[in-house]
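# Provide a 3D model corresponding to the input given below.
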Amino acid sequence: MNRLILILIFFSVSLLAREEMFPTQECPAFNNMKHTQNTHSVHLDKEKKYTILRHYKGQNLIVVKGEHPAQRWVDEQCFPKRSESSNPLNVQRVESKVIGIDNGLDQTQKYDYRNISKQNILTLSWHNAFCETHRVKKECKRSLFAFGRPNYSEKHFVLHGLWPQPKNKNYCGVDSHTVAMDKHKQWNRLPDIPLSDEVKKRLQKVMPGVASNLHKHEWIKHGTCYGTGAERYYADAIKMVEQVNDSRVGDFFKKQIGKYVTFQQVRTVFDRSFGVGAGKRVELKCHKGLITELWLHVGSGSDDLGALLTEGKQTRSRCQGGFVDKAGF
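A predicted model of the protein is given here:
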């Protein structure tokens, strides 16, 4: 009889310990009770409910789904007191702070475009030069079926990112767990971005880095500070990339593949393409004698790149010239 009572007590305690709660803080979740190791820099997400397996000496042993190890130790204060959590009305969910994530497809009409970041840098990569030093990247591997047919990225500038300024303006409203994943380059684990089929298709064309989840990183770090959802952020960036490639700038770089180009030539062709003064808003980036990127300092409030460059800040460039790399290693 006594044995039966002990078994019932054991199961009752186990059931009480296995409760589910939303955390009240974005605490780190450690592998051990001493808090000396945190694989993948896991932090609690206040939007998610966690199973609490055990209470012990001011700590909770919880389950973090999708992680290895899944069982983690966190401070007990990271969750509401059990008396508070017993009433479901006291459990409040915090709305997502990351614009355009976990809200379904981005509804652009929600946003006031007067709040778009006033100063930005559009960063464009010359993909051939990028692949010289990143040969193992997925976007740098050519398919056998593409033999003899040049990829778009081999003769055009491609999108690296659109960065709201000043440069320390990043990770706006992003929880610490997601920031940690991004900083550790775990981009494949970042949340999917809700984009329309049209924007996805255009983005894959002008941003080969999508193959390596660069688009997720750029949205999390920079896009969340742009002032709109992901749909508008990438639509704006794509338009600017296309305008560069469809202009005299795009034609100039195609014709100069394999040749040396000076920074003054680049500024001159920008002035001819987008108006006098546009070239003063352009920086040239180089590495080992190769032109790697163009940084365009742009403003906001227009779909026309010429007007955006007029509103951008004037800048200087350390790189004064380089070779326009051709495809292949």
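
# run through the residues that contact the spatially most central residue of the chain.
Central residue of the chain (CA atoms, centre = their mean): residue 217, 2.1 Å from the mean position. Applying CB atoms under 8 Å, 6 or more residues apart in numbering, one finds that residue 217 lies in contact with 182, 185, 187, 190. (Each C-beta comes from the backbone N, C-alpha and C, glycine too.)

# so for residue 126, what's the pLDDT?
pLDDT recorded at residue 126 is 94.

# tell me the bridge partners for it.
residue 157 (DSSP bridges).

# I figured it hits residue 285, correct?
No - using CB atoms under 8 Å, residue 126 is not in contact with residue 285; the gap is 9.2 Å.

# list residues touching both of those two?
Common neighbours of residue 126 and residue 285 are listed as 291, 292, 293, 294 (criterion: CB under 8 Å, 6+ apart).

# backbone dihedrals for residue 54, please?
When read as degrees, to the nearest 10, the backbone of residue 54 gives phi -160, psi 140.

# that one - how many residues pack around it?
Here the number of neighbours of residue 54 (other CB atoms under 10 Å) works out to 14.

# same question, residue 152
By other CB under 10 Å, neighbour count at residue 152 equals 13.

# likewise residue 21?
Neighbour count of residue 21, defined by other CB under 10 Å: 18.

# pLDDT at it, what is it?
86.

# next one: residue 161
97.

# what's the separation between it and residue 177?
Taking CB to CB, to the nearest Å as the measure, residue 161 falls 22 Å from residue 177.

# for residue 40, same thing?
As for residue 40, its distance to residue 177 is 9 Å (criterion: CB to CB).

# you'd agree residue 52 is in a helix?
No - when DSSP: H, G, I helix; E, B strand; the rest coil is applied, residue 52 is found to be strand, with no helix at that position.

# which residues touch residue 292?
125, 126, 129, 130, 285, 286, 322.

# if we can go back for a sec, tell me which of residue 40 and residue 177 has more neighbours.
Taking neighbours as other CB under 10 Å, residue 40 and residue 177 compare with residue 177 leading, 21 against 17.

# SS state for that one?
Of the three states, residue 177 takes helix under three-state DSSP.

# contacting residues for it?
Residue 177 touches 26, 41, 42, 43, 44, 45, counting by CB under 8 Å, 6+ apart.

# can you redo those as a markdown table with neighbour count and pLDDT?
Shown next, in a markdown table, are these (neighbours: other CB atoms under 10 Å; pLDDT from 0 to 100):
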| residue | neighbour count | pLDDT |
| --- | --- | --- |
| 26 | 17 | 83 |
| 41 | 15 | 79 |
| 42 | 22 | 84 |
| 43 | 23 | 84 |
| 44 | 24 | 87 |
| 45 | 18 | 84 |
